[in-house]
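1. Let me see the structure of the following:
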Amino acid sequence: MTLQEFFEKYNRVALAFSGGVDSAYLLYAAAKYATRVKAYYVRSAFQPQFEYDDAIRLISDIRDMGLEVELQVIDVDIFADEQVVANPDNRCYYCKQSIFGAIQEAAALDDFDVIIDGTNASDDYDDRPGMKALQEMEVLSPLRLCGLTKDDVRKYSKEVGLFTWDKPSYACLATRIPANQRITREDLDRTEWAEDYLHELGFLDCRVRLRGDAAQLEINEEQMDVFEKKKEEIYTHLMLKYDEVLDDVKCRFYTKK
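-> Purely as a prediction, here's the structure:
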């Protein structure tokens, strides 16, 4: 089955839209082939500002292509869900329930009965808590159903001119907090602050994970030469909000004096 055939069968769809590579291309395809598509972007403390900015830019770009697409931004107070902020091993299950529950409510008001998401054929679908929630909520994943891998999505996104084609994969800020450690707004904020700083320096594919009160850096190996040149500057800056910085590659601690 092709995406065109999928949208001929399901021609009115509500799309869970993140602004990432997969949902961006899926939105383009839905706008091209479906009768009506509406994108729902759920904004919460788990999503950094740049993801929202990319989502808005993508919507504008698709409209500039002459395609019709609607967008609704849904604000969700993720801290109101104790099962999520307690951060158990299956936190993603409860988080997906919260996010897609909000999308289901909004989509129902807009008279949609089909909700789709950007899970692709490369994603490990089995035994993932978040995927279990999507199955239970009967969310369809056209990219996966049509056999499109992440590489396929990047290739086709580039061909049609979507700026997201080479955007690094990104997981929500909550993934930087160790399982079973309670998620706080302070920890999410400083994680976003640290990663934004690294992005500004050109490290787009990076993570800053919380380990106790230390920042554990994960830098793409291809950029390690650049990182070595800037590491002292990076350590000094991050210590404004962390007591220690751990370079995951070098496995060395840098501690405040």
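2. Looks like residue 162 contacts residue 59 (just checking).
-> No - the criterion here is Cβ atoms under 8 Å, and residue 162 misses it with residue 59 at 11.5 Å. C-betas here are computed from N, CA, C, even on glycine.
3. max-length helix in the chain?
-> helix 91-109 (DSSP state H).
4. Just after it, pick out the following helix or strand.
-> Where DSSP states H and E defines the elements, the next helix or strand beyond helix 91-109 is strand 115-116.
5. so what does the helix or strand that comes right after that next one touch, helix or strand wise?
-> Toward the C-terminus, strand 115-116 is succeeded by helix 129-136 as the next helix or strand (DSSP H and E). Applying 3 or more Cβ pairs under 8 Å, 6 or more residues apart in numbering; DSSP states H and E, one finds that helix 129-136 makes contact with helix 91-109.
6. what comes up buried for the longest helix of the chain?
-> By 16 or more other Cβ atoms under 10 Å, the buried positions in helix 91-109 come out as 91-100, 102-104, 106-107.
7. between those residues, which is closest to residue 212?
-> Distance ranking of these against residue 212, using Cβ to Cβ, places residue 91 first at 19.2 Å.
8. how far away is that closest one from residue 133?
-> Distance, residue 91 to residue 133, using Cβ to Cβ, to the nearest Å: 11 Å.
9. ok, now residue 196?
-> Residue 196 is 29 Å from residue 133, by Cβ to Cβ.
10. Just want to know which of the two has more residues nearby.
-> Set residue 196 next to residue 133 and count neighbours by other Cβ atoms under 10 Å: residue 133 wins out with 21 against 14.
11. Contacts only, for the more buried one.
-> Contact analysis of residue 133 by Cβ atoms under 8 Å, 6 or more residues apart in numbering lists 92-94, 96-97, 100.
12. what residue ranges in the stretch 1-150 of the chain score low on pLDDT?
-> By pLDDT under 70, the weakly predicted segments of the stretch 1-150 of the chain are 124-127.
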